[in-house]
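# Can you look at this prediction? I've put the sequence above it.
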There are 2 protein chains.
Amino acid sequence: MTAAEPPVPATSDTAGDPPQRRRRDAAETRQLLLDAARHRFARDGYAATTVRDIADDAGVNVALISRYFTSKEGLFEACLRAAGDELRRTTGQTPADRVPEAIARHIADLGAAGLSSQLSLLLRSSGDAGADEIRRGVLVRSSEQLAAARGWRPGEPGSEQLLLRAQIALAAGIGVAVLRSSIQLEPLSSASEQDLVGPLRDLVDALLPPT
Amino acid sequence: MTAAEPPVPATSDTAGDPPQRRRRDAAETRQLLLDAARHRFARDGYAATTVRDIADDAGVNVALISRYFTSKEGLFEACLRAAGDELRRTTGQTPADRVPEAIARHIADLGAAGLSSQLSLLLRSSGDAGADEIRRGVLVRSSEQLAAARGWRPGEPGSEQLLLRAQIALAAGIGVAVLRSSIQLEPLSSASEQDLVGPLRDLVDALLPPT
DNA sequence: GCAAGAAGTCAACATATGTTTACTTACTAC
DNA sequence: GTAGTAAGTAAACATATGTTGACTTCTTGC
């Protein structure tokens, strides 16, 4: 829509000037679209991203989005699901006392497929009810996982406070991710993982005191 | 774009069934548009909001957006400027030791014109360079103000850390505002100011220890 | 080697959306 | 009261965008 960077073909053609066409592979094409979409949706939001942008980034034809994901909306939902899976996978295996470091590492990772990108995606909305439900599910599960690492147990009295605090911590992480990757606020944007881990540990520990 | 709520006429016609037309007033019309736009942009983002949505909410004709603000982009920039002014005005007069309470109060205010709305607006992007510059300016000034309340002085050695921490606190506030108002994550979304002030004080004090 | 089907392409479409132009209506200075 | 002007309206336009259907090209099982 607005001055887009040149569509990098996403295919790892190692110094290959002759644009040899990729071997036909539905699964791989699907993944290329998913990656390109995740990146665009996370950085620019749903409405500002066009299906032609995504297809160009992935180096495939626009029509394949409808074929593989039914619609732009379907592609977005697939992105949300993927983000949820990856988030759960990486945070699930974090020992309770390492939570702040894990968050810092995820946020610091500014790569295209980085965890930071997944976090940003979680506050992009398409206005569609289905997508909203998926996103809310991911956020609830993530915050429950975070709260559980600090002693939260479902239904336990006074435990609601912990969940609320976990959601505030999650919101902080998402806010930082967006301000870094989309808004590019300095010095936050250029801060390294080293720079971030201290403040974020303070933040998480203050919200969710280690038991 | 997607199932919009019925356009509330924004004119305070007190139980007035007869839709008596508002007296012609350029300044007031401008303000109606500004208010409606701020609300929409904050909640749905720039690209997902159409000028017809805004005009309908304000109860005025679409063409007046171009007349008063040149373009949709111009209207968005005006919203950002207004948010910056209001933010500076309200945070500027906060004594240093009351900062967390002030943040909590601002975030808790979910009203249409509430401060929470202004915060959400600050991470909406239009992709336009001019708007990006305005937003970055507002964010930088806000974080500097916040950092200054806790001892930061421009250019002072080791002071960069404080600014970074203030930006993380600001990011947390924005993240909470969006998760509450746009995403509607429970229980965060239903939390009262009372519920929020404790955790947010812990958060701010941990990031920016009171001197 | 070849046929069947999967994978990919192309062009057209319907529609939504930002903006402009020509026009009408209300307010106000005199 | 009325002319002149500002405020507001309606319709049209150009374009961007999501989606579809007919067509072509590649791959693979036999």
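Structure's in. What do you need?
# can we go C-alpha only for contacts and neighbour counts from here?
Will do.
# Please export the alpha-carbon coordinates of the lowest-mean-pLDDT helix or strand in chain A; PDB is fine.
Lowest by mean pLDDT, DSSP states H and E among the helices and strands of chain A is helix A:99-108, with a mean of 79. Coordinates of the C-alpha atoms in helix A:99-108 are reproduced here as PDB (Å, rounded to 0.1, in the frame of the first residue of the first chain):
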ATOM      1  CA  VAL A  99      10.600 -16.700  32.900                       C
ATOM      2  CA  PRO A 100      11.900 -13.100  32.800                       C
ATOM      3  CA  GLU A 101      15.000 -14.100  30.800                       C
ATOM      4  CA  ALA A 102      12.800 -16.100  28.400                       C
ATOM      5  CA  ILE A 103      10.600 -13.100  27.800                       C
ATOM      6  CA  ALA A 104      13.600 -10.800  27.300                       C
ATOM      7  CA  ARG A 105      15.000 -13.200  24.800                       C
ATOM      8  CA  HIS A 106      11.800 -13.500  22.900                       C
ATOM      9  CA  ILE A 107      11.300  -9.800  22.700                       C
ATOM     10  CA  ALA A 108      14.900  -9.100  21.800                       C
END
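# Which elements pack onto the helix or strand just after it?
Following helix A:99-108 in sequence order, the next helix or strand is helix A:115-121 (DSSP states H and E). Here helix A:115-121 touches helix A:26-44, helix A:72-92, helix A:99-108, helix A:160-178, going by 3 or more Cα pairs under 8 Å, 6 or more residues apart in numbering or on different chains; DSSP states H and E.
# secondary structure element for residue A:68?
Per DSSP H and E: residue A:68 is located in helix A:63-69.
# Name the residues of that helix that come out as buried.
Under the neighbour-count criterion of 16 or more other Cα atoms under 10 Å in any protein chain shown, helix A:63-69 has A:64-65, A:69 buried.
# Likewise for stretch A:119-138?
Neighbour counts over stretch A:119-138 (16+ other Cα under 10 Å) mark A:119-127, A:131-132, A:134-136, A:138 as buried.
# now do stretch A:204-211
By neighbour count on 16+ other Cα under 10 Å, the buried set for stretch A:204-211 is A:204-208.
# Near chain B, which residues of chain A are found?
Residues of chain A that fall close to chain B, judged by Cα under 8 Å from any Cα of the partner chain: A:2, A:44, A:47-48, A:123, A:125, A:127-128, A:132, A:136, A:139-140, A:163-165, A:167-169, A:171-176, A:178-179, A:183, A:185-188, A:199, A:202-203, A:206-207.
# which of these come close to DNA strand C?
Among the residues of chain A next to chain B, no residue lies close to DNA strand C (Cα under 7 Å from any atom of the strand).
# In the buried residues of stretch A:119-138, find the pair that's most separated.
A:119 and A:127 (18.1 Å; Cα to Cα).
# Looking at the buried residues of stretch A:119-138, spot the one nearest residue B:25.
Once Cα to Cα is applied, the member of the buried residues of stretch A:119-138 that ends up nearest residue B:25 is residue A:127, at 34.0 Å.
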